[in-house]
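Asker: fold the following, please.
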Amino acid sequence: MQKRIFLGSIALAVATLAAGGVMAQTSNTFKIGLILPMTGQQATTGRQIEAAARLYMAQNGDTVAGKKIQLIVKDDTSLPDVTRRLAQELVVNEKVNVLAGFGITPSAMATAPIATQSKTPMVVMAAATSSITQASPYIVRSSFTLPQVSVALADWAPKNGIRKVITLVSDYGPGLDAEKYFKERLTFNGGQVTEALRVPLRNPDFAPFLQKVRDGKPDALFVFVPSGAGAAVMKQFLERGLDKAGIRLIATGDVTDDDQLNDMGDGALGVVTSHHYSAAHPSAMNKKFVEAFGKANKGLRPNFMAVGGYDGMRVIYEALRTSKGQGGGDALLEAMKGQIFESPRGKIFIDAQTRDIVQDVYLRKVEKKDGQLYNVEFDVIKDVKDPGKAK
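Answerer: You can find the predicted model right below:
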């Protein structure tokens, strides 16, 4: 019943939007509603994406195809009900042309019906569960998926003496994706997941889980936690002496997040992760991006969330340019599909069929360079599609 009422309210809101559609079409302002967690547990995600979006605008101007770009930033505190309310207000009251951001999967999923009913393109710059792009035909992703980055590590591990693994993931969409695809590929490669542990997304205490890991004596612990929670895992991993017990830590790149890596200390040295972006990526374009980002943000180092925001803005700008500022959401959406371009992370491609990102995935090891810790790439898997959709 509740769902019917909610969908009815969206339909009413969309009807209101349609009535004001002519005004929105003829306006010389192009509005991007950026919904992010600016406070709370995922606040670093919001800070990084907003900073990257503003840097892109500073570098590329705020006028495209005769339209003045306006960025409207809203804080959803990572609560899906808040995200949904803000998205509806942005579509109905602000008449935004694009919805963007979405720090976590539940927030993206909560907004999908609004994007569909109002025909508003929705650029997911952070959330990484495989199924997100299937929740609405108007969703395009500029971030990554957990299956993309988990599979690479499951291929690497058995070749490097890691056969018995315990997995530890946050108990929500991306974590379940990471657990599933890592286990499937590791098993295929002759390894074994001896135990699968899931920690609560909100206010997690890793200590009891890490004690279980120590008692289980695996070759390695595979971890996924969302951006911002990696430092706590690293600290407790070392405090519980898992490294001294000979257990290796391997993880998706969220754990050795560039935003927090230097604060983790030398205990992070040698940790191997797989991910789609590192601030240490050696391309000329990335070196310029890292320098410009730091200059604009008091020395802050961009992380993988920042690159999702930066590239998401590029997707929006290019779509607006290609569609010459004409037409509604459908024309804009079509112009987002199939884009191929060089990003600070390397070459990326928005798959026209899935509207999901195809990109290189890197294996990296934490090393010290010039007195700072970095995720240094040592191998690459080219043009990785989301394994969740590649079947």
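Asker: strands of the stretch 201-350 of the chain, start to end?
Answerer: Counting by DSSP state E, counting those that start in this stretch, the stretch 201-350 of the chain forms strands over residues 220-224, 248-252, 272-275, 340-343, 346-350, given from the N-terminal end onward.
Asker: closest to Phe378 out of those strands?
Answerer: Smallest distance to Phe378 across those (CB to CB): 8.6 Å, for strand 272-275. C-beta coordinates here come from the backbone N, C-alpha and C atoms, glycine included.
Asker: where does pLDDT dip in the chain?
Answerer: For the chain, the stretches with pLDDT under 70 are 1-26, 390-391.
Asker: hmm, try it at 90
Answerer: Residue ranges of the chain with pLDDT under 90: 1-27, 41, 201-204, 227-229, 325-328, 388-391.
Asker: could you pull out the helices for it?
Answerer: Applying DSSP state H to the chain gives helices spanning 2-19, 21-26, 43-60, 80-92, 105-118, 146-159, 173-188, 207-216, 230-239, 261-264, 284-296, 304-322, 329-336.
Asker: and the shortest one, what does it pack against?
Answerer: The criterion is 3 or more CB pairs under 8 Å, 6 or more residues apart in numbering; DSSP states H and E, and the helices and strands that helix 261-264 contacts are helix 230-239, strand 372-384.
Asker: just these: most buried one?
Answerer: Burial of the helices and strands packed on helix 261-264 is given as mean neighbour count (mean count of other CB atoms under 10 Å); helix 230-239 ranks first at a mean of 20.
Asker: what angle sits between that one and strand 248-252?
Answerer: Counting by axes from the mean of the first three to the mean of the last three CA atoms, to 10 degrees, helix 230-239 lies at 170 degrees to strand 248-252.
Asker: can I get helix 230-239 in CSV, CA atoms only?
Answerer: What follows is helix 230-239 as a C-alpha-only set of coordinates in CSV (Å, rounded to 0.1, in the frame of the first residue of the first chain):
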residue,chain,number,x,y,z
GLY,A,230,39.1,1.5,5.5
ALA,A,231,41.3,3.2,8.2
ALA,A,232,39.3,1.5,11.0
VAL,A,233,39.8,-1.9,9.4
MET,A,234,43.5,-1.4,8.9
LYS,A,235,44.0,-0.1,12.5
GLN,A,236,42.2,-3.1,14.1
PHE,A,237,43.8,-5.6,11.7
LEU,A,238,47.2,-4.5,13.1
GLU,A,239,46.1,-4.1,16.7
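Asker: remind me what that helix packs against, helices and strands.
Answerer: When contacts are defined as 3+ CB pairs under 8 Å, 6+ apart, helix 230-239 packs onto helix 207-216, strand 248-252, helix 261-264.
Asker: deepest-packed of these, please.
Answerer: For the helices and strands packed on helix 230-239, the highest mean count by mean count of other CB under 10 Å goes to strand 248-252, at a mean of 25.
Asker: given that one, what are its sheet partners and their directions?
Answerer: Applying DSSP bridges to the sheet, strand 248-252 is found paired with strand 220-224 (parallel), strand 272-275 (parallel).
Asker: deepest-packed of those, please.
Answerer: Highest mean neighbour count among the strands paired with strand 248-252 (mean count of other CB under 10 Å): strand 220-224, a mean of 27.
Asker: let me have the strands of the stretch 201-350 of the chain in TSV, extended by distance to Gly371.
Answerer: Formatted as TSV, these follow (distance: least, CB to CB, whole Å):
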stretch	distance to Gly371
strand 220-224	26
strand 248-252	23
strand 272-275	21
strand 340-343	28
strand 346-350	27
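Asker: and of those, who's closest to Glu94?
Answerer: That would be, of these and by CB to CB, strand 346-350, which comes in at 25.4 Å.
Asker: what angle do the closest one and strand 372-384 make?
Answerer: Inter-element angle recorded for strand 346-350 and strand 372-384: 50 degrees (by the same axes, to 10 degrees).
Asker: so what's the gap between strand 346-350 and the chain middle?
Answerer: Distance of strand 346-350 from the chain centroid (CA atoms, centre = their mean, to the nearest Å) equals 15 Å.
Asker: and for stretch 67-83?
Answerer: Distance, stretch centre to chain centre, for stretch 67-83: 16 Å (CA atoms, centre = their mean).
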